[in-house]
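Q: need a structure here:
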Amino acid sequence: MTADKFEVLKKYFGYSSFRDGQEELVNALLAGRDVLGIMPTGAGKSLCYQIPAIIMNGITLVISPLISLMKDQVNALVQQGVSAAYLNRSLTEAQYRKALSNSANGKYKIIYVAPERLETSSFLWFALNADISLIAVDEAHCVSQWGQDFRPSYLNISSFISKLDRRPVIGAFTATATEEVKNDIIRLLKLNDPVKVTTGFDRPNLYFSVLRPQNKSAKLLELIKERKDKSGIVYCSTRKKVEEVCELLNNNGISATRYHAGLNDDERVKNQDDFVYDRKTVMVATNAFGMGIDKSDVRFVIHYNMPKNIESYYQEAGRAGRDGVDADCILLYAKADVSTCKYFIENIEDNAELSQEQKDFFKQREEERLKQMVFYCTTSDCLRGYMLKYFGDEYKGSCGKCSNCLTEFETADVTVEAQKILSCIIRTGQNYGVKMISDVLRGVSSDRITRAGLDRQSTFGIMKDVRATEIRYIIEKLEEQDYIISIGAGKPVLHVTEMSYPVLRGNAGVKIRKAKQLKSKALKTEVYDVDRELFDALKIVRMNFAKKKGVPAFVIFSDATLADMCRIMPTTEAEFLSVSGVGANKLEKYGEAFLNVIREWSV
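A: Sure thing, here's the model as predicted:
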């Protein structure tokens, strides 16, 4: 008799009900319909294809660019009693041949494969002779040249599928996609009238914050020490900055490791494993790290530098709190970050497949995305609301869980200051950036200002009593409200827009919101409101199993599952099965050891 989806959900994954969107996608795949699932990180995308894979006859191929994700998900599936394997460059030639032979012999129900492998003769031979019932394309946004992680190898997926004797059901899944990217996914993967499910992008357990510290290094140390012994990621924009920040943390007694493309494969794998297996508390990395990392207990993600677009930020920040428990996403913003991002846009790797017109359009799109990222960092509105609206989600009011919602603001009329700033930009020929305009307004005497004769024009020194930080803040707000635009990369210059002229003529006013006071965000000393001693005792049991099996601790049971054990206090096998995240296979493997600890605690 064919297994029931709820039976599979409980038996293998330990859950009694589906999350939002999951059941609709599972039903569609089981009915032979193609699907497009847009679900935020931590929302359970993988279950949407893993459950149909277990129920359907034949093999499911999961196409993913993420070696670390393949390894983690295969480890988790094996622990749950599902036969699975992965085929990627982390295997030796002998291991790959063995895995491919086992696949051909029907040993595995789910096979993860890197997109580059699809066109190799050995894999194609296997695929043409295998009974493939479902193909799941993970990180599907990588197929679109307008997505933030375009990978040319994804363009070969539809060609690979067309070579198969029988077209399998196709499921495409991603955490982030604008309407344009969604249309690209459907077109380029040739999805056939797919069932489309977008569950929304909100992650209610995440706290979002933008800080503008005078000293980033000191602030970073303060933030991490406040979160002592909690697992976290620090993102930096360059390899050099990764090295500097990692050294800073280690020199200050923080257990940190590093990850960037300049390290050799062996070191990257070792450092990643040290973080995933909790041998190191903090990972310092470029954006080369983390997409698909399945570590569920990351309690904070700190961006030491601003990413170049909101899609990247949302995805990177979303690596926090995958277990649904509260986690912090903090961005340390500095104006210099904007110049770094503009440099990357100007020097983006040339794509020979695009026409010059397409290249110009792509560059313009990247500049617009960067502009929206800067506005996120400088807005006084709700950060969660700003981000959700960017992705097309309806969002009203304040979330009460971001640094802006926890800050008291006052509305200030800055019409006079705006007139002075706009006038200065015009009178200096719209040829200078923020620092130069600020220096002229404040009457700073410098060789550059004197040589350009700017000390002799009428706006020189008209804001001499105003701090440079205040002038820069007003300029940011004027840009956010479209009175000013920045033009050029590296050292952009300020230009006024048509909206500025009514202000200059006195026919319109300018108001901005200015921070008064940040309401304190209470730091949680404990992530879970449970008996801490019992929780720690269960963690020891879990760690012993993890070491014995050679897998990360969260593959045995997540922290959220251990916390649920503490709340339910099961003493029988039937009660243990009621714990969220406990299925029949894990009950059989680990139940007695955990039950013994809980029984002793109950005496």
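
Q: which residue sits farthest out from the middle of the protein?
A: Arg456 (49.7 Å; Cα atoms, centre = their mean).

Q: For it, what are phi and psi?
A: Dihedral angles of Arg456 (phi, psi; degrees, to the nearest 10) stand at phi -110, psi 0.

Q: quick one: low-confidence ranges for the stretch 301-450 of the chain?
A: 349-354 (pLDDT under 70).

Q: can you pull out the helices in it?
A: Here the stretch 301-450 of the chain has its helices, by DSSP state H, counting those that start in this stretch, at 310-317, 335-346, 356-378, 383-390, 415-427, 434-442, 447-451.

Q: Can you name the residues that contact the closest residue to Ile54 other than its chain neighbours?
A: Spatial nearest neighbour of Ile54, chain neighbours left out: Val8 (5.2 Å); criterion: Cβ to Cβ, 6 or more residues apart in numbering. In short, each C-beta sits where N, CA and C put it, glycine included. The contact partners of Val8, by Cβ atoms under 8 Å, 6 or more residues apart in numbering, come to Ile51, Ile54, Ile55.

Q: what about Val8, distance to Phe554?
A: 21 Å (Cβ to Cβ, to the nearest Å).

Q: Kindly report the same for Phe409.
A: Counting by Cβ to Cβ, the gap from Phe409 to Phe554 is 40 Å.

Q: Those two: which is more packed in?
A: Phe554 (26 against 14; other Cβ atoms under 10 Å).

Q: Now do the contacts for the more buried one.
A: Counting by Cβ under 8 Å, 6+ apart, Phe554 has contacts Asp294, Lys295, Ser296, Asp297, Asp323.

Q: tell me which element it falls in.
A: Assigned by DSSP states H and E, Phe554 falls within helix 553-556.

Q: Now the strand or helix carrying Asn102: buried residues?
A: Assigned by DSSP H and E, Asn102 belongs to helix 93-104. Of the residues in helix 93-104, Tyr96, Ala99, Leu100, Ser103 count as buried by neighbour count, 16 or more other Cβ atoms under 10 Å.

Q: ok, so of the residues you listed, who is nearest Leu30?
A: Ser103 (22.9 Å; Cβ to Cβ).

Q: quick one: that closest one and Ala84 touch, right?
A: No - with contact defined as Cβ atoms under 8 Å, Ser103 does not count as touching Ala84 (10.5 Å).

Q: what stretches of this protein score poorly on pLDDT?
A: 1-2, 146-148, 290-294, 349-354, 489-490, 516-528, 603.

Q: quick one: contacts for Ile425?
A: With contact set as Cβ under 8 Å, 6+ apart, Ile425 has these partners: Tyr432, Ile437, Ile484, Leu494, His495, Val496.

Q: try 6 Å
A: By Cβ atoms under 6 Å, 6 or more residues apart in numbering, Ile425 lies in contact with Ile437, Leu494, Val496.

Q: still on that earlier bit, columns distance to Leu164 on top of the helices of the stretch 301-450 of the chain, output as CSV?
A: Shown next, in CSV, are those (distance: least, Cβ to Cβ, whole Å):
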stretch, distance to Leu164
helix 310-317, 31
helix 335-346, 39
helix 356-378, 31
helix 383-390, 38
helix 415-427, 60
helix 434-442, 56
helix 447-451, 65
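
Q: can you tell which of those is closest to Ile254?
A: Smallest distance to Ile254 across the helices of the stretch 301-450 of the chain (Cβ to Cβ): 20.0 Å, for helix 310-317.

Q: Can you name the residues in contact with that closest one?
A: Identification of contacts with helix 310-317 by Cβ under 6 Å, 6+ apart yields Gln148, Thr176, Tyr235, Val301, Pro307, Cys329, Gln372, Met373, Tyr390.

Q: mind redoing it with 7 Å?
A: Residues outside helix 310-317 that contact it (Cβ atoms under 7 Å, 6 or more residues apart in numbering): 41, 148, 175-176, 206, 235, 287, 290-291, 301, 307, 329, 369, 372-373, 376, 387, 390.

Q: next one: stretch 235-243
A: 245, 258, 260, 262, 284-287, 301, 303-305, 316, 337, 340.

Q: out of these, which are buried?
A: 245, 258, 260, 284-287, 301, 303-305, 316, 337, 340.

Q: of the residues you listed, closest to Glu533?
A: The closest of the buried ones among the contacts of stretch 235-243, once distances to Glu533 are taken by Cβ to Cβ, is Val301, at 29.1 Å.

Q: Can you tell me how far that closest one is from Ala28?
A: Here Val301 is placed at a distance of 32 Å from Ala28 (Cβ to Cβ).

Q: now Asp266
A: Note on Asp266: its distance to Ala28, by Cβ to Cβ, is 42 Å.

Q: Next, the distance between the ends of stretch 32-45.
A: End-to-end distance of stretch 32-45: 18 Å, with Cα to Cα, to the nearest Å as the criterion.

Q: circling back to that earlier point, looking at Asp266 and Ala28, which is more packed in?
A: Counted by other Cβ under 10 Å, Asp266 and Ala28 do not tie: Ala28 has more neighbours, with 22 against 8.

Q: Skip the chain neighbours and tell me the closest residue to that one.
A: In this structure, Ala28 finds its nearest non-sequential neighbour in Val195, 3.9 Å apart by Cβ to Cβ, 6+ apart.

Q: residues touching Ala256, list them.
A: So Ala256 contacts Cys246, Leu249, Asn250, Lys280, Val282, Val284 (Cβ under 7 Å, 6+ apart).
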